[in-house]
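**Student:** what would the 3D arrangement of this be:
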Amino acid sequence: MAIRSDVYGYLVPRLRNHPLLWKVAKEVHSLPGLARHSAAHYVPQLIGPQPRKLHLAVTAYCNLRCIGCRYGRDFMPNSQLELPMVRDLLDDAKAVGVETARLYGGEPLLHRDLPKMVEHSVALGLRTYVTTNGILLKEKIDDLYNAGLREISIGFYGVGGEYDQYVQRPAQFDRLERGVAYLRQRYGRKVQVHLNWLLMRPSCNMVALGQAYDFAERYDLSLRVDLVHYSLPYFTEGPDRVLQFRPEDQRQIELVVSELIRLKQERPERISDTLRHLRSIPDWLLKGPDMRVPCDAYRLLWVGADGTTQLCYVTFRLGNLHETRLRDMMFTHTHRQAARDAYALNCPNCHCDASDRINKDFSSRLKYGTRQQFETGSHGSPIAVEPA
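**Tutor:** Okay, here's the model as predicted:
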């Protein structure tokens, strides 16, 4: 497992500098998983724990109060992981085959030891990235860069007043933009930056999409589409479910997705979501838990700021780091059963890692691999769609 992780850590940064090779490598890398994942419909015993991704909430503290999030308030309040525990966790994760470590929160840039966590993770050869709201980016990026950080994702909820209204703090969008501008001016393309645009009911319109896309263009960021959740324990749907979609929103969703597909075809490198994933968005948003695509959470480990360790964000508890080290939670009966139950959707179901799930499920690849009915241009003419 450690050898596989070492190879991954060596090759990925190099392949990412060559878009065509990276695309081919991803397709080849996905084939064994596609075969196993699809065959498990008929032979469930094929599914077992294969931890490759660690998502680690290093702190529950947050400097924003987003309408749709409970971090910083009543989700794991006053919880934060200390550096020695995080180091042990990263060591154990590397040893069991984890290849990617995502450090987030809450707001991870509030944690005084985040640079040391990054440094340790990078030294282990893990692909390490930080998910942040970006408010403290200008103050913190130098230390993080010196620690070895070369990849960041930023939550994006609108522009100007719309952003400030969602995060419920005044004048924060300007701080975010200053941080992104400073990062680009100082480090250029040495740091990959992904803009995670939250597609929710208030942002599901052409103006909001255009603003997000323009921001990504202005600062040379890749744009990803995050879908509003319905089952994560730390998210809410807002007052009167204002963030959540309703059946009558179908046409508006399809219009926005149609534009996303057009932009993807026009500038493939700007939007990182696959065409398959983009085509699946209306179903994810409108079907919710009834979207029955087998889950690949058997490849995931989630750790909360209070040490809670689960197979995924939503459920399948494996233990707590304050009681048991990660290495002693791995590949137990509980872990194996959780992997099978996640695949079979014996859970609240969610759309986490929706893109990977679509890509690994043969029937979903077929369904979303060709143009959908809503894919039309601005004058109603069909959009020419390349193979996914």
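**Student:** ok, residue 114 to residue 178 distance?
**Tutor:** Remark: distance between residue 114 and residue 178 (CB to CB, to the nearest Å) = 20 Å. Using the backbone N, CA and C atoms, a C-beta is placed for each residue, glycine as well.
**Student:** which one of these two has more residues nearby?
**Tutor:** Comparing residue 114 with residue 178 by neighbour count (other CB atoms under 10 Å), the higher total belongs to residue 114, at 25 against 14.
**Student:** next up, the contacts around the more buried one.
**Tutor:** The neighbourhood of residue 114, defined by CB atoms under 8 Å, 6 or more residues apart in numbering, consists of 58, 103, 108, 130, 140, 144.
**Student:** if we use 7 Å, what do you get?
**Tutor:** Contact analysis of residue 114 by CB atoms under 7 Å, 6 or more residues apart in numbering lists 58, 103, 108, 144.
**Student:** in this structure the last one contacts residue 115, no?
**Tutor:** Meaning residue 144. Yes - shown here, residue 144 and residue 115 form a contact pair, counting by CB atoms under 7 Å, at 5.6 Å.
**Student:** tell me if residue 319 really is in a helix.
**Tutor:** No - counting by DSSP: H, G, I helix; E, B strand; the rest coil, residue 319 is not part of a helix but strand.
**Student:** and residue 189, how many neighbours?
**Tutor:** Counted with other CB under 10 Å, residue 189 comes out at 9.
**Student:** phi, psi of it?
**Tutor:** According to degrees, to the nearest 10, the main-chain angles of residue 189 amount to phi -90, psi 10.
**Student:** and the residue nearest to it when sequence neighbours are not counted, how close does it get to residue 183?
**Tutor:** Counting by CB to CB, 6 or more residues apart in numbering, residue 189 lies nearest to residue 220, which is 6.9 Å off, once chain neighbours are set aside. In this view, residue 220 and residue 183 are 11 Å apart by CB to CB.
**Student:** okay, now the unreliable bits of the chain?
**Tutor:** 1-33, 376-388 (pLDDT under 70).
**Student:** what about the helices in it?
**Tutor:** In chain order, the chain shows helices spanning 2-15, 19-39, 83-95, 114-123, 137-146, 161-167, 172-187, 206-218, 250-266, 275-287, 333-343, 354-360, 362-368, with DSSP state H as the criterion.
**Student:** would JSON lines of these with distance to residue 75 be doable?
**Tutor:** Written out in JSON lines, the entries for the helices of the chain read as follows (distance: least, CB to CB, whole Å):
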{"stretch": "helix 2-15", "distance to residue 75": "31"}
{"stretch": "helix 19-39", "distance to residue 75": "31"}
{"stretch": "helix 83-95", "distance to residue 75": "19"}
{"stretch": "helix 114-123", "distance to residue 75": "20"}
{"stretch": "helix 137-146", "distance to residue 75": "23"}
{"stretch": "helix 161-167", "distance to residue 75": "16"}
{"stretch": "helix 172-187", "distance to residue 75": "20"}
{"stretch": "helix 206-218", "distance to residue 75": "26"}
{"stretch": "helix 250-266", "distance to residue 75": "28"}
{"stretch": "helix 275-287", "distance to residue 75": "23"}
{"stretch": "helix 333-343", "distance to residue 75": "22"}
{"stretch": "helix 354-360", "distance to residue 75": "22"}
{"stretch": "helix 362-368", "distance to residue 75": "31"}
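**Student:** residue 313: which of the ones you listed is closest?
**Tutor:** helix 333-343 (11.1 Å; CB to CB).
**Student:** can you pull the buried residues of that closest one?
**Tutor:** By 16 or more other CB atoms under 10 Å, the buried positions in helix 333-343 come out as 335, 338, 339, 340, 341, 342, 343.
**Student:** same check, this time on stretch 146-153
**Tutor:** Along stretch 146-153, these residues count as buried under the neighbour rule (16+ other CB under 10 Å): 147, 149, 150, 151, 152, 153.
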